[in-house]
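**Student:** I need the structure of the sequence given here:
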Amino acid sequence: MTETIATVGQYCPQLKSFRINCRGCIYSDPAEAYNEEALAIAASMPQLRRLHLFGNHMNNTGLQAILDGCPHLEYLDLRQCFTIDLKGDLLKKCSDRITDLRLPNDSTHGYGYDTSIYRS
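**Tutor:** Okay, here's the model as predicted:
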């Protein structure tokens with residue numbers, strides 16, 4: 001998936017919105033694999049305004065990379081991203097920079113997709 005994300009970013013340098021819905025993912029990969037996806041987003045999609053990462057399993061390292069690499073983010077959906085620990089400086093940075101921030105435990109009502117998550 002990381003290569004696909006990097007390729008999309010490479011061939012769409014002005015991309016403004018990107019969505020990854022990990023609904024129903026089986027958690028067999030370590031957080032580092034999902035952090036690699038986050039690093040690919042950060043490195044190849046600097047013009048993003050809207051980013052949906054519903055159910056992603058990256059940790060704080062991946063989120064920090066996205067915040068550093070995507071300085072124009074206005075909307076960030078982290079609903080059901082339960083491996084992120086938003087406390088202290090990271091929460092403040094998100095709250096200060098992102099005008100529409102959806103947190104991991106926020107309601108999924110109105111999401112528009114099946115929001116069932118399967119944990120192993």
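
**Student:** just checking, residue 41 touches residue 9?
**Tutor:** Yes. Counting by CB atoms under 8 Å, residue 41 does reach residue 9; the two are 7.1 Å apart. The way it works is simple: take the backbone N, C-alpha and C, and place the C-beta from them, glycine included.

**Student:** Which one's more surrounded, these two?
**Tutor:** The residue with more neighbours, out of residue 41 and residue 9, is residue 41; 27 against 21, by other CB atoms under 10 Å.

**Student:** Give me the three-state assignment for the more buried one.
**Tutor:** helix (DSSP: H, G, I helix; E, B strand; the rest coil).

**Student:** Which secondary structure element of this structure has the lowest mean pLDDT?
**Tutor:** helix 31-44 (a mean of 88; mean pLDDT, DSSP states H and E).

**Student:** Report all helices and strands that it contacts.
**Tutor:** helix 2-11, helix 60-69 (3 or more CB pairs under 8 Å, 6 or more residues apart in numbering; DSSP states H and E).

**Student:** so which of those comes closest to residue 36?
**Tutor:** Counting by CB to CB, residue 36 lies closest to helix 2-11 out of those; the figure is 4.7 Å.

**Student:** Quick check: the spatially most central residue of the chain vs residue 65, distance?
**Tutor:** Central residue of the chain (CA atoms, centre = their mean): residue 53, 3.5 Å from the mean position. Noted for residue 53: a distance of 12 Å to residue 65, by CB to CB, to the nearest Å.
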